[in-house]
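build me a model:
(one chain, ligands or ions: 3)
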Amino acid sequence: MNGVGKLEDHPKLPKGKTVAVVVLDGWGENKPHQYNCIHVAQTPTMDSLKQGAPEKWRLIRAHGPAVGLPTEDDMGNSEVGHNALGAGRIFAQGAKLVDLALASGKLYEGEGFKYISESFEKGTLHLIGLLSDGGVHSRLDQLQLLLKGASEHGAKRIRVHILTDGHDVSDGSSVGFVETLENDLANLREKGIDAKIASGGGRMYVTMDRYENDWDVVKRGWDAQVLGEAPNKFTNAVEAVKKLRETANDQYLPPFVVVDENNEAVGPIVDGDAVVTFNFRADRMVMLAKALEYQDFDKFDRVRYPKIRYAGMLQYDGELKLPSHYLVSPPEIDRTSGEYLVRNNIRIFACSETVKFGHVTFFWNGNRSGYFNPQLEEYVEIPSDIGIAFNVQPKMKASEIGEKARDAILSRKFDQVRVNIPNGDMVGHTGDIQATIVGCKAADEAVKVILDAIEQVGGIYVVTADHGNAEDMVKRNKAGEPLYDENGELQILTSHTCHPVPIAIGGPGLAPGVRFRNDVPDGGLANVAATVMNLHGFVAPEDYEPTLIEVVDN
Ligand SMILES: O=C(O)[C@@H](CO)OP(=O)(O)O
Ligand SMILES: [Mn+2]
Ligand SMILES: [Mn+2]
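Residues are numbered from 1 along each chain as shown. Ligands and ions are numbered 1, 2, ... in the order given. Okay, the predicted model is just below:
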């Protein structure tokens, strides 16, 4: 067993307490102001944690190097956040690993690139992914380097299938990104490479669904990318995006294909081609990876299943080994806290609604799907609404998640009950301030339901978040003042932030004398795992980031 064995007993903390671990998605700490939806919303439960006991509430870092991202300017995100929360250590994450592999040129020497390059002589290289500089799922500069590198390493015909963003970057920025890409492709054409954009669509409507919430999203992408079919046909991708933006925002652009003068799609995927999905982040690429890789597949009618050589930028699922070929090796997130706790007989219940379900299971467990021990674990997914924008139903499934967690706690069948409450994040991404306020209130109410249950069973709670989002909804200048566009309209911030997040501990089961230490001022999400292990009565493995708590004798 990969070094995951018995944990040492904590010298002072008892075993046998039910511990609720609550992650509020997209819930950062920020000054009170009108664009801080968490501040504006009624959040009595979270407020009481903050105002209650100063030694049991603090802030922790959730962005940049603290979660394995390249720079302090990199906002946090769910993948790196939940990885750090679950693994208790900081791993260089996909964004950084791809940067390094591109800079050193190792990417082109790896098995994955060699595999796809066998198709370069006769076939087309297709690159599918998110076109922005958001840095959460992909980055434009990495795509640019890959285009250059692939052409220098033999790709003669390249087709790019773009997904527009407006979720990790401003709505409307897609036009500029497509113009930049068109310019790069024109430069490649001057060098004799036949390089074009072949299809596109908005990330939330085309391709980038996650956790099998809605396969239609992937199908719309498949039809455009593979079959070369979409309701919208344009001869130019910049025009396509400009035109389609008249009725949809970047995130939800309908699918389009680029056609030639004969109205033929310029880049369907056919036998003998190579395909790379260039997102480094896993959750929103797994479904497409399955459609591209699996011979047997029944999630939608693929119509045509071309014989291609497919590689992911990374391997997206370490358990499924999906995809089997990849350009850069993913972080090896091993010996996660979930695995340790299960091996030490801690019974775990994890729950969220579909759009965040994998966050408290797959990401938490180091990008690994499945149970460590099905006898001791139960993961419950509450189906998310399908086809309804999050600002239309901003309460999402928060109360259902709270109730499921409550029932799991009261059943006394579990030692740890872990949930993700999505509202601050998913509604925050829509940029709809009023709806986000409603969502934050609903999230707070769900926390209350869980804390009340913990009260009843004499348990312990840990309430934290994975990164910021809802606590700031506007873009700002360097002085921190809101920015307005040329029409005097407020510039809405749909993305995550670089703010720290709160963490609170408490509950009747918390041993007297437990408090946050003050000698880990830079503590971040990765320090939470050791903290939770302590609350289960164990000492964390030595190489884990230090615990946030200490026990003082009263
Ligand atoms: O929706 C997503 O994919 C990301 C933002 O791109 O959000 P989160 O990291 O919170 O899942
Ligand atoms: Mn998140
Ligand atoms: Mn998010």
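
backbone dihedrals for the residue in the chain that ligand 2 sits nearest to, please?
Closest residue of the chain to ligand 2, CB to the ion: residue 78 (3.1 Å). Every C-beta, even on glycine, is put in place using the N, C-alpha and C of the backbone. Backbone torsions of residue 78, given as degrees, to the nearest 10, read phi -70, psi -40.

thought it was touching residue 360?
No: using CB atoms under 8 Å, residue 78 is not in contact with residue 360; the gap is 9.9 Å.

compare those two (neighbour count), which wins?
For residue 78 versus residue 360, the count of surrounding residues by other CB atoms under 10 Å is larger for residue 360: 29 against 26.

tell me how far the more buried one lies from ligand 1.
Computed as CB to the nearest ligand atom, to the nearest Å, the residue 360 to ligand 1 distance reads 12 Å.

thought residue 422 was touching that residue, still the case?
No: Residue 360 is beyond contact range of residue 422, at 10.4 Å (criterion: CB under 8 Å).

common neighbours of those two, please.
Counting by CB atoms under 8 Å, 6 or more residues apart in numbering, the contacts common to residue 360 and residue 422 are residue 352.

okay, stretch 332-351 in PDB with CA atoms only?
Taking Å, rounded to 0.1, in the frame of the first residue of the first chain, the C-alpha atoms of stretch 332-351 are listed here in PDB:
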ATOM      1  CA  GLU A 332       1.300  13.100  -8.700                       C
ATOM      2  CA  ILE A 333      -1.100  13.900  -5.800                       C
ATOM      3  CA  ASP A 334      -0.700  10.800  -3.700                       C
ATOM      4  CA  ARG A 335      -1.300   9.900   0.000                       C
ATOM      5  CA  THR A 336      -4.300  12.300   0.300                       C
ATOM      6  CA  SER A 337      -6.000  12.800   3.700                       C
ATOM      7  CA  GLY A 338      -9.100  11.000   2.500                       C
ATOM      8  CA  GLU A 339      -7.000   7.900   1.800                       C
ATOM      9  CA  TYR A 340      -5.200   8.100   5.100                       C
ATOM     10  CA  LEU A 341      -8.400   8.600   7.100                       C
ATOM     11  CA  VAL A 342     -10.200   5.700   5.400                       C
ATOM     12  CA  ARG A 343      -7.200   3.400   6.000                       C
ATOM     13  CA  ASN A 344      -7.500   4.400   9.600                       C
ATOM     14  CA  ASN A 345     -11.200   3.400   9.600                       C
ATOM     15  CA  ILE A 346     -12.700   6.900   9.500                       C
ATOM     16  CA  ARG A 347     -16.100   6.600   7.800                       C
ATOM     17  CA  ILE A 348     -16.600   9.300   5.200                       C
ATOM     18  CA  PHE A 349     -19.700  10.900   3.700                       C
ATOM     19  CA  ALA A 350     -19.100  13.400   0.900                       C
ATOM     20  CA  CYS A 351     -21.800  15.300  -1.000                       C
END
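
how far does that stretch sit from its chain's centre?
20 Å (CA atoms, centre = their mean, to the nearest Å).

how about that stretch: buried residues?
333, 335-344, 346-351 (16 or more other CB atoms under 10 Å).

go on, stretch 376-390?
Neighbour count says stretch 376-390 has 376-382, 384-385, 389-390 buried, by 16+ other CB under 10 Å.
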